[in-house]
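K.L.:
sequence plus the predicted model coming up.
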Amino acid sequence: MQSNKKLLVLPGDGIGPEVVNEVLRVVDWLAKKRSVTFDVEEGLVGGAAYDAHGTPLTDETLADAVDADAVLFGSVGGPQYDDLPFEEKPERGLLRLRKEMDLFANLRPAMVFEAMAGSSTLKRDLVAGLDILILRELTGGIYFAQPRGIEDLGDGTKKGFDTNLYTTPEIERIGRVAIDLARKRRGKVTSVEKANVMMSGVLWRETMTTLFSAEAEDLETEHMYADNCGMQLVRYPKQFDVIVTDNLFGDMLSDCAAMLTGSLGMLPSASLGAVDEVTGKRHALYEPVHGSAPDIAGQKIANPIAELLSFSMALRYSFEMSDDADMIDGAIERVLASGIRTPDIMADGMVRVSTNVMMDSILRELDNVV
Ligand code: NAD
């Protein structure tokens, strides 16, 4: 049956295909039990694309990604590709997708299921039930702006320098994504910069202040310095809902927030582009934070939850299906509470299962709610 929901699936390398295939069982489940069908197309990326076509991303696959409503990505890379020339390395496939789709907004949720609160390095009470979102500007700022370089000073020393630069439209577009996301969540936005010491931070705060009063009167909004935000994340993380920040601070704060959750196999992410003025849709790529895990690939023990949570984000942010996303997140929560664990999150007294038995258990929980 034709559907109006185009999902391009790019499993990639290593455990990527293992976890993506498990998530496709949930896509089938939605079709059978909820009558929601997706037009699923599959493509090659990373080492798999290099093996077949001599490039980590073909122009055809890129065109399919641009055309899709959402891309569900697995992971790329592996030791067999380490000696390839830079431009042919598997990771270049992902970077090209991000660049060509202009995915400027990177979403990294930090969610802690009650049953997993013991795995965090913070006290259980601080993180149990945590659900916050770090929104990082991904295509501007200090990692890209000019001038940058290393110059010889002629006296036997050198200087290395970078530029942190943001324009009003760049700040506004990431601010609008934050507003949009907060409306789909608990309605709070914290904008983070260093306006006390950086001019780019002064402009960031001014622009966000104007944007919030013009377009986000219905939300709770606040501003915070980045160093304080780092401290608050480990002091009392539940005070946040959506944190929006620049490329550099976002890089650090999202890793800091990820550690609150304690497990790489459970962390999803999304990268979003601008809204198309004609269709109202935005380019979007959903992927787990973890890589291709060559050390466990082929052993059928990879944790599929990060990939499934990435798909759940796609339902929430690309397909207006928050109820189904909640249902999937709830099923994962109950499976974890029942003590089922893949080896990466195994603990005393729990039941160790394989990748597909983890998904069997999640599907059984889903069956119980429809
Ligand atoms: P990794 O995330 O692949 O693995 C780190 C550790 O976490 C490994 O011990 C692995 O077994 C474990 N792990 C990761 N995901 C898991 C899961 N779902 N279930 C259970 N255990 C899991 O990082 P790495 O080892 O540094 O990199 C391996 C390859 O992946 C490299 O080629 C790297 O370039 C690539 N990589 C790709 C991406 C991506 O595709 N976005 C991201 C990071 C790394």
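P.N.:
Yep, that arrived.
K.L.:
contacting residues for the residue of the stretch 101-250 of the chain found nearest the ligand?
P.N.:
Using Cβ to the nearest ligand atom, the point where the stretch 101-250 of the chain gets nearest to the ligand is Asn106, with a distance of 11.8 Å. For the C-beta atoms, the positions are set from N, CA and C on the backbone; glycine is no exception. By Cβ atoms under 8 Å, 6 or more residues apart in numbering, the contact set of Asn106 is 135-138, 250, 254, 269-271.
K.L.:
now render those as CSV, adding distance to the ligand and pLDDT.
P.N.:
Formatted as CSV, these follow (distance: Cβ to the nearest ligand atom, whole Å; pLDDT from 0 to 100):
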residue, distance to the ligand, pLDDT
Leu135, 18, 98
Arg136, 15, 96
Glu137, 19, 97
Leu138, 13, 93
Gly250, 16, 95
Ser254, 14, 92
Ser269, 9, 96
Ala270, 13, 97
Ser271, 11, 97
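K.L.:
quick one: which of these is nearest Leu94?
P.N.:
Using Cβ to Cβ, Ser271 comes nearest to Leu94 of these, at 9.7 Å.
K.L.:
where does the residue of the chain most remote from its centre land in three-state SS?
P.N.:
Within the chain, the residue lying farthest from the chain centre (Cα atoms, centre = their mean) is Asp155, at 45.6 Å. Assigned with DSSP: H, G, I helix; E, B strand; the rest coil, Asp155 falls in the coil class.
K.L.:
equivalent analysis for Leu57, please.
P.N.:
coil.
K.L.:
any idea of the pLDDT on it?
P.N.:
For Leu57, the pLDDT comes out at 98.
K.L.:
for the closest residue to it other than its chain neighbours, give me its contacts.
P.N.:
Take Leu57 and drop its neighbours on the chain: the residue closest to it by Cβ to Cβ, 6 or more residues apart in numbering is Gly93, 3.8 Å away. Listed by Cβ under 8 Å, 6+ apart, the contact set of Gly93 reads 45-46, 49, 55-57, 76.
K.L.:
how much space between Gly93 and the ligand?
P.N.:
As for Gly93, its distance to the ligand is 9 Å (criterion: Cβ to the nearest ligand atom, to the nearest Å).
K.L.:
tell me the SS of the residue of the stretch 101-250 of the chain closest to the ligand?
P.N.:
strand.
K.L.:
cool, and the one 3 residues further on?
P.N.:
Following three-state DSSP, the label given to Pro109 is strand.
K.L.:
follow-up on the earlier one: which stretch of helix or strand covers the residue nearest to Leu57?
P.N.:
helix 90-100 (DSSP states H and E).
K.L.:
output the below-cut-off pLDDT ranges for the protein.
P.N.:
1-3 (pLDDT under 70).
K.L.:
residue boundaries of the helices in it?
P.N.:
According to DSSP state H, the chain carries its helices in the segments 16-34, 47-53, 59-67, 90-100, 124-127, 168-184, 199-215, 226-235, 247-261, 305-317, 322-337, 355-369.
K.L.:
which residues touch the longest one?
P.N.:
Judged by Cβ under 8 Å, 6+ apart, the contacts made with helix 16-34 from elsewhere in the structure are 7, 9, 11-12, 36-38, 40, 46, 48, 72-76, 288, 292, 297-298, 300, 302-304, 306-308, 310-311, 324, 328, 355-356, 358-359, 362-363, 366-367, 370.
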